[in-house]
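**Student:** mind folding the following:
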Amino acid sequence: MWHQLFKLDSTSGQSLQAQLRQSLVKAIFDGRIPLEVALPSSRELSRQLNVARNTVVLAYQHLIDERYLVSHERRGYFVNPEMLDGRVDTPRPEERTTEVTTQSCVRDEGPQTVIDLLDQRNIVRPLNWKQYDYPFIYGQADSSLFPVNDWREACRLSLRVDAISRWTQDRVDHDDDLLVEQIHTRVLPRRGVWADKDEILITTGAQNALFLIGQLLLDKQSMVGIEDPCYVDARNIFNLFSEQLTLFPVGAQGVEADERLQQCKMMYVTPSHQCPTTTTMPLAARKQLLEQAERYDVTIVEDDYESELNFVGKPTPALKSLDTEHRVIYVGSLSKTLAPGLRVGFMVGPKKFIAQARALRRLMYRHPPTNNQRTVAHFLSLGHHDSALLRLTQSFKHRWQVMDEALKAQPVFSATAPSFGGSSFWVKLPEGVSASALETLAAQHSIVINAGDHYFADLNGPGNYCRLGFSSIPSEKIPAGVEKLGALADTLN
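**Tutor:** Numbering: from 1, shown residues only. As a prediction, this is how the structure comes out:
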């Protein structure tokens, strides 16, 4: 019985003792261990599970310390009934076995929502992308490049007793002072942006910043200018608040704004590495856009996407660094240079606007987790981020060169190497070749790519573009992967 209840996996990466504790806790709360039944002795359970006796002894002792178990002399270990106090005793719902009626289906769906988000066009990427042989996926981190020891040092500092006493408190709408200081003095100056601390707000990623901006600035009558093709989440976010979108094409020098800009209340751009085409807007074009925004009284939302991943030539100053009219709201994150799963972003804008955004954020979730904020702050203050960024750009530069050569060797692909770096290529397929079909076919051959259809606002837009990322695939696998992908594309040509 016991060996069936506690299944341990020596290959899981978690210690056997931790697995045993988890299994015991789950069995206790699932009611699988009666209160009057003694657990097997450490010797007996270790024999049944084929683990060292000390593993069981330590697991039992840990659960005694945490009051899950009680030890009775000469009787053994028992579940502590106090741990089950306060739980409502209701039976687990039975699996539905009878035929489902239309009425029950409607009831199961819950109340009718006033908006339908399930029909949005989104980029779908496989969660198990690491299992693919050639993951040309974008927006994911290569775990081999993550600075594990440096991150652990930052974590240890944030787990000191005095640190815990600070970040466990409810800070209401305030951000971690050290993190704001580091963004103020280390992160923003790298982009030529100088801002006061009360012009900075920490967000849970760039998407959260864009949502706050949309909520504060837009209504149903607001005209929003966006790039086309465009970052899909940004288009979907702004569409929640306004259906009035003006599409500006993206050319060799980034977004091409024209006189239609005067109809817009807000303009969203990704000038550093345009998403998804990777085009970088030159300095002259940035100044021209700011002049147009001033002439037409338009607010510019600058998503400084992948600005840190610059390894070819001198970086172009952020639009925000050229802004003298407080017309640009700057959005940044540490997702591409640290880890996307941490969800650490920030926005910079005029003081009153940031105060409004802070008040709105408080109503939504008060503030991002302060333990994460403090850990990231230590990571920045110790210089680990700058060091990690150097290693990352050096690795990406090599992959960028390898992929450029591999794509040029495949006549079926037409791609221009990103001018200033980044982490992906925007690839054009022959006319008539469907990128979506290639994406599906590639997945069947253990290759992950991203079809470009959804980046275009028009459902009938170009269907022969795809995005190939190189942030999560080793350099040595790129040539073979591109060659294999080229062969698959030829079959669709």
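
**Student:** roughly how far is stretch 22-37 from the heart of the chain?
**Tutor:** 36 Å (C-alpha atoms, centre = their mean, to the nearest Å).

**Student:** show me the helices in the stretch 301-450 of the chain, by range?
**Tutor:** Along the stretch 301-450 of the chain, the segments classed as helices by DSSP state H, counting those that start in this stretch run 319-322, 351-365, 370-381, 384-408, 435-444.

**Student:** among those helices, which is nearest residue 183?
**Tutor:** For the helices of the stretch 301-450 of the chain, proximity to residue 183 was assessed by C-beta to C-beta; helix 370-381 is nearest, at 7.8 Å. Using the backbone N, CA and C atoms, a C-beta is placed for each residue, glycine as well.

**Student:** ok, the closest residue to residue 23 other than its chain neighbours to residue 51 distance?
**Tutor:** Counting by C-beta to C-beta, 6 or more residues apart in numbering, residue 23 lies nearest to residue 6, which is 4.3 Å off, once chain neighbours are set aside. Using C-beta to C-beta, to the nearest Å, residue 6 is found at 10 Å from residue 51.

**Student:** what touches both of those two?
**Tutor:** residue 20 (C-beta atoms under 8 Å, 6 or more residues apart in numbering).

**Student:** columns mean neighbour count, mean pLDDT and distance to residue 27 on top of the helices of the stretch 301-450 of the chain, output as TSV?
**Tutor:** Shown next, in TSV, are the helices of the stretch 301-450 of the chain (neighbours: other C-beta atoms under 10 Å; pLDDT from 0 to 100; distance: least, C-beta to C-beta, whole Å):
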stretch	mean neighbour count	mean pLDDT	distance to residue 27
helix 319-322	21	95	55
helix 351-365	15	97	34
helix 370-381	22	95	30
helix 384-408	18	92	41
helix 435-444	17	96	39
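
**Student:** redo the ones you listed as TSV? Include distance to residue 150.
**Tutor:** Conversion of the helices of the stretch 301-450 of the chain to TSV gives the following (distance: least, C-beta to C-beta, whole Å):
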stretch	distance to residue 150
helix 319-322	28
helix 351-365	28
helix 370-381	7
helix 384-408	4
helix 435-444	35
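
**Student:** quick one: which of those is nearest residue 169?
**Tutor:** Ranked by C-beta to C-beta, the member of the helices of the stretch 301-450 of the chain that lies closest to residue 169 is helix 370-381, at 7.8 Å.

**Student:** CA atoms only for the closest one, dumped as CSV, please.
**Tutor:** Presented in CSV, the C-alpha positions along helix 370-381 are these (Å, rounded to 0.1, in the frame of the first residue of the first chain):
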residue,chain,number,x,y,z
THR,A,370,8.5,42.9,-3.4
ASN,A,371,10.7,39.9,-2.9
ASN,A,372,11.3,39.7,-6.7
GLN,A,373,11.9,43.5,-6.8
ARG,A,374,14.5,43.3,-4.1
THR,A,375,16.3,40.3,-5.7
VAL,A,376,16.5,42.1,-9.1
ALA,A,377,17.7,45.2,-7.3
HIS,A,378,20.6,43.4,-5.7
PHE,A,379,21.4,41.7,-9.1
LEU,A,380,21.6,45.1,-10.7
SER,A,381,23.5,46.8,-7.9
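
**Student:** distance between that helix and the chain's centre?
**Tutor:** 17 Å.

**Student:** circling back to that earlier point, closest one to residue 161 among the helices of the stretch 301-450 of the chain?
**Tutor:** Nearest of the helices of the stretch 301-450 of the chain to residue 161, taken as C-beta to C-beta: helix 370-381 at 13.3 Å.

**Student:** run the angle between that closest one and helix 384-408 for me.
**Tutor:** Helix 370-381 runs at 80 degrees relative to helix 384-408, counting by axes from the mean of the first three to the mean of the last three C-alpha atoms, to 10 degrees.

**Student:** what does helix 370-381 rub up against?
**Tutor:** With C-beta under 8 Å, 6+ apart, helix 370-381 has contacts from 150-151, 153-155, 157-158, 163, 166-169, 171, 175-176, 178-179, 181-183, 186-187, 202, 334, 338, 342-344, 367, 385.

**Student:** over to stretch 298-306?
**Tutor:** Counting by C-beta under 8 Å, 6+ apart, 191, 206, 210, 213, 217, 225, 231, 234, 261-262, 264-275, 289-290, 292-293, 318-320, 323, 327-332, 336, 421-423 sit against stretch 298-306.

**Student:** inside strands: which ones of these?
**Tutor:** 225, 266-269, 328-332 (DSSP state E).

**Student:** closest to residue 91 out of those residues?
**Tutor:** Of those, the one sitting nearest to residue 91 (C-beta to C-beta) turns out to be residue 331, at 49.1 Å.

**Student:** for that closest one, grab the count of nearby residues.
**Tutor:** Counted by other C-beta atoms under 10 Å, the residues lying close to residue 331 total 28.

**Student:** mind pulling up the pLDDT for it?
**Tutor:** You'll see residue 331 listed with a pLDDT of 97.

**Student:** so it bridges to which residues?
**Tutor:** residue 303, residue 347 (DSSP bridges).

**Student:** quick check: it touching residue 357?
**Tutor:** No. Contact criterion C-beta atoms under 8 Å: residue 331 and residue 357 do not qualify, at 11.1 Å.

**Student:** out of the contacts of stretch 298-306, which are buried?
**Tutor:** Using 16 or more other C-beta atoms under 10 Å as the burial test, the contacts of stretch 298-306 include 191, 206, 210, 213, 217, 225, 231, 234, 261, 264-275, 289-290, 292-293, 318-320, 323, 327-332, 336, 421-423 as buried.

**Student:** count the residues that sit near residue 75.
**Tutor:** By other C-beta under 10 Å, the residues close to residue 75 number 9.

**Student:** how close does the closest residue to it other than its chain neighbours sit to residue 305?
**Tutor:** Setting aside the residues directly before and after it, residue 75 is nearest to residue 38 in space (C-beta to C-beta, 6+ apart), at 6.2 Å. Here residue 38 is placed at a distance of 60 Å from residue 305 (C-beta to C-beta).

**Student:** ditto for residue 349
**Tutor:** 17 Å.

**Student:** what is the mean pLDDT for stretch 213-220?
**Tutor:** 97.

**Student:** buried ones in it?
**Tutor:** 213-215, 217-218.
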